[in-house]
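Novice: got a predicted model here, sequence first, then my questions.
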Amino acid sequence: MNAKEYLSQAWYLDKRIKTKERQIDWLRSHAAYVSPKISDEPKVAVSGRRSPVEEAVVRITELENEINSSIANLMMLKQEIGKAIRGINNMECETLLEMRYLTFLAWDQIASQLDYSQDYIYHLHRKALGLVKVL
């Protein structure tokens, strides 16, 4: 795994968390439209089958557990990546890498905040990647 792939892991994990959060939002919004059938007759359970409402609740709970686990992994990964970034001992490069790989800023935002041209940001990024030691 090269330096860029290593540093990009947190970004991809963050995107996966956001995707799961959108899935939960969708399930919650659509579960509201599923209403249980109400009748005077008691319902006999049919070989472990769940109602649509139960299925939605179970899936939401599973996704919430996955998200919590992924968030814990993301926090540990960011600490590890931060340590690798701080290990390059170049303040300019460290700042750029932190902005890109820990706070997920876009190139134009980084250039604006550092008051550099975008071309120089790309040059500095290549230099910084060369300094990173993958753990």
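Specialist: Ah, there it is. Numbers count the residues shown, from 1 in each chain.
Novice: what's the longest helix in this protein?
Specialist: The longest helix of the chain (DSSP state H) is helix 52-86.
Novice: buried sites along that one?
Specialist: Ala56, Ile60, Leu63, Ile67, Ser70, Leu74, Leu77, Lys78, Ile81, Gly82, Ala84, Ile85 (16 or more other CB atoms under 10 Å). C-beta: built from backbone N, CA, C; applies to glycine.
Novice: from the contact counts, what lies against that helix?
Specialist: Under the contact definition 3 or more CB pairs under 8 Å, 6 or more residues apart in numbering; DSSP states H and E, helix 52-86 sits against helix 3-31, helix 91-101.
Novice: tell me which residues touch Phe86, please.
Specialist: Phe isn't right for residue 86; it's Arg. Neighbouring residues of Arg86 by CB atoms under 8 Å, 6 or more residues apart in numbering: Glu94.
Novice: with Gly130 instead?
Specialist: Taking CB under 8 Å, 6+ apart, we find Gly130 in contact with Ala3.
Novice: in what helix or strand does it lie?
Specialist: helix 118-131 (DSSP states H and E).
Novice: how far out from the middle of the chain is that helix?
Specialist: The chain centroid and the centroid of helix 118-131 are separated by 24 Å under CA atoms, centre = their mean, to the nearest Å.
Novice: any idea of the mean pLDDT for it?
Specialist: Mean pLDDT, helix 118-131: 97.
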